[in-house]
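[1] Pasting a predicted model and its sequence here:
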Amino acid sequence: MAKAKAKAKLPTARGADKLAAMRATLPTRAAVNRNAELEALIADDPDDPSRYLVYADWLQAREDARGTLIALHDAHRRNHDKATLDLATALVDEHRYTLLEQLDGRKDVDVEWYLGFIKSARIRAPIGDQVIEALTALLDAHSSEFLQALVIDHLERGSDREIVKLLVERGRPQTLAYISIGKPGAWAPPPELVDAFPRLRRDAEVAWTSAMAKVAEQRKLKIEIDATTLPELVAKTGELDVDPAAVLVGLKAELDKKRPIGILAAMSTAFTRDSLDAFALALAEQWQELDQTAVKWAFDAIGPLGGDRCIEFLGERLGEWSHQRAMQGVEHLRRIGTTTALREIVNLVSRLTRFRPRRDEARAILAELADSRGLPTVLHLIAHLPPPHGDDRVILTERWWLYELMVAGTRLAPADFTTYVTGNTVRRPLAATLLWGEFLGPELVTLFAVGRDGQPRGADGNPHELVAAHHIGVVHPVELTPAEVDTWLDVFEHRAITQTILQLGRPVFTLTHEEARGTSLSRFQRWRVGFDQLQSALEERDWYTYEQYDQGGTESYGRDFARDGVTVIAHVGSGSIDTVNVRGADRYEVRTFDSLHAVTVSELLYDLEIAHRRIEPLSTTAIRQAPPPPPPAAKPAGPAPIIEKAKTGRAKCVVCQLAIVKDSTRIGIERMIETPTFRGMGTVWLHPACRTGVPELEGVELPIE
């Protein structure tokens, strides 16, 4: 390499004439010259100023604007002279078409210059397509040839894959040593990106030394965390100089001030996972005791640094925190990314009676993870997250998962079934209590059970070999013939098995031919049990508030059935479900009931039968259950209807909503009345001509025409 001069050529004028003299020397030629050999030398060590100065000499000899820009940046680096920096800025503006290229005019990209080239860049574009556009402009610019740090502020779910794809396809700049997408520490470079940019995988000592050097350059920050109580960080190899107070400064600078220090990546590279976990937990515990808003950065360290201790810390609090804080905790669990961490998200999703909004968001995160791993559904992802141990909470989650497999009709590949179900010590005994089926497409091919040894066995007890082309699922009794149900009931009774979910003894419900062809089901109208009973029973069975009245109160409940990709909507009447409808993926797409799978029909009716107390929920303590009773023809008669002359003209007909004229005949019936201010039994009135179809008057003869 040619020997660098001490400094590049610059004017020597002093005082007020300095800036004017320097302006007179600015080159008029654009920054278009390149020297591949000298650029390769810089790329080998992009932090060495001497290599840039050699390049500056070569460029200035050709009156290239970039050569002067390098010289101006070098002068400012040594002297911190504002006039020099102003001149460098003016030079960039004058030659912006060749120095910035497509970056010119972009307000969503901030750059930091270092000796004539862009050293770090921050993309602030808020939308995925704009991020890709900004990143493309950055990578196309010659000035980013030695880019070392890239920060992208906003991360839409799934958009990181497009960013990674673009970077890998370009394969430059090879000097890239730090990249952050979204919140600092919330994202880690995937293996394919690290393979494409080897400097992202830095030597631990080098990475730590570099990060600490950047920390030393930071302005003084107020640190609320007590560094003296933090546990020791243990180096993976050798010994590293660790100043806890400096570490806290670096973490706050990166997590709170969003400066590309690289300390999170350096800590993950340099220190053991166990010591990082203990360190992050100590930060979280102090965060709990302090002003949580002021030291939120300490909480944000959990994701990139945490392990099993932090997972337990988060899991215990997801149900206690506000929705916003809980979702931040879920994001930290996703960032930790271990099976144990992701199972805490699954545990949250499986809590049926509480936290619906956070459950929905957590499920969306699991769906994104499933997609990123090439798995078709969340249930398949959960299959790939076998529990390492089986406490009560884990067993409840696994029972929920097995139930979802049955109702959703989710099928597992034989290899996954063998590896993640019968091959897992927690799942194997649960699987042994259920009847399984092999399916070829939608067709049930054969049935089998799982022995206590984990081997599939037929009804005769002989080993059953799974066929690779088939898929495995939990069978719903709707999918069985009566003879098959009886055969397997005998098998399980003989083995004295208590099923972990209600399966073979599960009541089966069907629709009448007329109901199946329709789009509205009204068989529950007259079975008034009160709003509280409906709410508690339906929420326990995974129904949620679908629509609310403007003045408050639930108008309808909904439940999603993945097997058919539909939402079943139950409209609340006076203490009962008035009507039931089915909507497709588009909430305005009305479906007939005969478009649903028999399992979906049976399950939605089972839920509504229980909600109206027409049957009691059945347990799994006995295999063989009594069949559900046939629905009675009508609810026992209530008080006799009232027939009288209207005393005033104020009452409105409950059917047509028109006023009932004074002294005209009206009919009064007793009905559960629910308004935002009143709930209870009361009398409602209607015109005699509006009585047709009123449930309380069906089969009742009235002495009026």
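    Yep, that arrived.

[2] tell me the domain ranges of this structure?
    Annotated domains of the chain cover 17-200, 204-429, 513-611, 642-697 [automatic domain parsing].

[3] between those, which one is nearest to Arg495?
    With CB to CB as the criterion, Arg495 lies closest to domain 204-429 of those, at 12.5 Å. C-beta coordinates here come from the backbone N, C-alpha and C atoms, glycine included.

[4] Quick check: Arg124 vs Val109, distance?
    7 Å (CB to CB, to the nearest Å).

[5] Which one's more surrounded, those two?
    Val109 (20 against 16; other CB atoms under 10 Å).

[6] Which strand residues bridge that one?
    Listed by DSSP bridges, the beta-bridge partners for Val109 are Ile123.

[7] ok, now which ones touch it?
    Contacts for Val109 (CB atoms under 8 Å, 6 or more residues apart in numbering) come out as 103, 121-125, 134, 137-138.

[8] Same list (the domains of the chain) but as CSV, adding distance to Gln503 and mean pLDDT.
    Converted to CSV, the domains of the chain look like this (distance: least, CB to CB, whole Å; pLDDT from 0 to 100):
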stretch, distance to Gln503, mean pLDDT
domain 17-200, 35, 87
domain 204-429, 7, 92
domain 513-611, 12, 91
domain 642-697, 35, 81
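
[9] Now distance to Gly473 too, for those, in TSV please.
    Output for the domains of the chain, formatted as TSV (distance: least, CB to CB, whole Å):
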stretch	distance to Gly473
domain 17-200	28
domain 204-429	4
domain 513-611	11
domain 642-697	40
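
[10] where does Ile472 land in three-state SS?
    strand (DSSP: H, G, I helix; E, B strand; the rest coil).

[11] Identify the residues contacting it.
    411-414, 417, 436-439, 466.

[12] Select from these every entry located in strands.
    436-439 (DSSP state E).

[13] Between those residues, which sits nearest Asp81?
    Nearest to Asp81 among those, counting by CB to CB, is Phe439 at 75.9 Å.

[14] tell me which residues form a beta bridge with the closest one?
    Leu444, His471.

[15] isn't it right up against Leu447?
    No. Phe439 is not in contact with Leu447 according to CB atoms under 8 Å; the separation is 10.6 Å.

[16] that older thread, tell me which of the contacts of Ile472 is nearest to Leu333?
    Closest to Leu333, out of all of those and judged by CB to CB, is Leu412, at 24.3 Å.

[17] Give me the nearest residue to that closest one, chain neighbours excluded.
    Leaving out its chain neighbours, the residue that sits closest to Leu412 by CB to CB, 6 or more residues apart in numbering is Ile472, at 4.9 Å.

[18] I'd like to know how far the one you found sits from Leu405.
    Distance from Ile472 to Leu405, by CB to CB: 9 Å.

[19] shared neighbours, these two?
    What both Ile472 and Leu405 touch, as defined by CB under 8 Å, 6+ apart, is the set Leu412.

[20] Give me the neighbour count for Gln96.
    You called it Gln, but residue 96 is Arg. For Arg96, using other CB under 10 Å, the count is 14.

[21] What residues sit buried inside the strand ranked longest in the chain?
    Determined from DSSP E, the single longest strand within the chain is strand 665-674. For strand 665-674, the neighbour count (16 or more other CB atoms under 10 Å) marks 666-672, 674 as buried.

[22] Looking at those residues, spot the one nearest Arg613.
    Among the buried residues of strand 665-674, and counting by CB to CB, the member closest to Arg613 is Met672, at 14.1 Å.

[23] Leaving out sequence neighbours, find the closest residue to that closest one.
    For Met672, the closest residue by CB to CB, 6+ apart turns out to be Gly575, at 3.2 Å.

[24] That neighbour and Arg526 touch, don't they?
    No. Counting by CB under 8 Å, Gly575 does not reach Arg526; the two are 10.1 Å apart.

[25] list the contacts for Val529?
    575-576, 611-613.

[26] In which helix or strand does the most centrally placed residue in the chain reside?
    For the chain, the residue nearest the mean C-alpha position is Ile365 (1.7 Å; CA atoms, centre = their mean). Using DSSP states H and E, Ile365 sits within helix 356-372.

[27] what's the answer for Asp57, then?
    Going by DSSP H and E, Asp57 is part of helix 49-60.

[28] Enumerate the positions of that helix that are buried.
    For helix 49-60, by 16+ other CB under 10 Å, it's 49-60.

[29] about what we covered before: nearest to Ala149 among the contacts of Val109?
    Nearest to Ala149 among those, with distances taken as CB to CB, is Ala121, at 7.5 Å.

[30] how deep is the closest one tucked in, by neighbour count?
    Ala121 has 24 neighbours, counted by other CB under 10 Å.

[31] do the same with the one 5 residues further on
    With neighbours defined by other CB under 10 Å, the count for Pro126 comes to 10.

[32] which ones are touching the closest residue to it other than its chain neighbours?
    The spatially closest residue to Pro126, leaving aside those adjacent along the chain, is His154, at 5.1 Å (CB to CB, 6+ apart). His154 sits next to 124-127, 131, 182 when contact means CB under 8 Å, 6+ apart.

[33] Columns secondary structure on top of those residues, output as JSON lines?
    JSON lines is the format used below for the contacts of His154 (three-state DSSP):
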{"residue": "Arg124", "secondary structure": "coil"}
{"residue": "Ala125", "secondary structure": "coil"}
{"residue": "Pro126", "secondary structure": "coil"}
{"residue": "Ile127", "secondary structure": "coil"}
{"residue": "Val131", "secondary structure": "helix"}
{"residue": "Gly182", "secondary structure": "coil"}
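
[34] so what does the helix or strand just after the helix holding Asp57 touch, helix or strand wise?
    From helix 49-60 onward toward the C-terminus, using DSSP H and E, the following helix or strand is helix 65-79. Helices and strands touching helix 65-79, by 3 or more CB pairs under 8 Å, 6 or more residues apart in numbering; DSSP states H and E, are helix 49-60, helix 82-94, helix 96-99, strand 109-114.

[35] Residues touching the third one, excluding its own?
    Defining contact as CB under 8 Å, 6+ apart, one finds that helix 96-99 is touched by 30-32, 65-66, 69, 91-92, 104, 142-143.

[36] Switch those residues over to CSV; also include neighbour count and distance to Asp550.
    Formatted as CSV, these follow (neighbours: other CB atoms under 10 Å; distance: CB to CB, whole Å):
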residue, neighbour count, distance to Asp550
Ala30, 15, 64
Ala31, 25, 63
Val32, 13, 65
Ala65, 24, 65
Arg66, 29, 64
Leu69, 27, 63
Leu91, 23, 62
Val92, 21, 57
Asp104, 14, 51
His142, 16, 59
Ser143, 22, 57
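
[37] which one of the buried residues of strand 665-674 sits closest to Ala278?
    Using CB to CB, those come closest to Ala278 at Glu674, 53.9 Å.

[38] buried ones in stretch 606-621?
    For stretch 606-621, by 16+ other CB under 10 Å, it's 606-612, 614, 618, 620.

[39] sorry, back to before: which residues touch the residue nearest to Met672?
    Residues 528-531, 534, 671-672, 674 are the ones in contact with Gly575 under the rule CB under 8 Å, 6+ apart.

[40] thought the residue nearest to the centre of the chain was touching Gln328?
    No. The criterion here is CB under 8 Å, and Ile365 misses it with Gln328 at 12.0 Å.

[41] ranges for the helices of the stretch 501-650 of the chain?
    Taking DSSP state H, counting those that start in this stretch, the helices of the stretch 501-650 of the chain run over residues 513-517, 531-540, 598-611.

[42] Could you say which one of the ones you listed comes nearest to Glu224?
    helix 531-540 (41.1 Å).

[43] what comes up buried for that closest one?
    Result for helix 531-540 [16+ other CB under 10 Å]: buried residues 531, 534-535, 537-539.

[44] now do stretch 316-325
    Buried, per 16+ other CB under 10 Å, within stretch 316-325: 318, 325.

[45] what comes into contact with it?
    Here stretch 316-325 has contacts from 326, 329-330, 344, 348, 351, 354-355, 357-358, using CB under 8 Å, 6+ apart.
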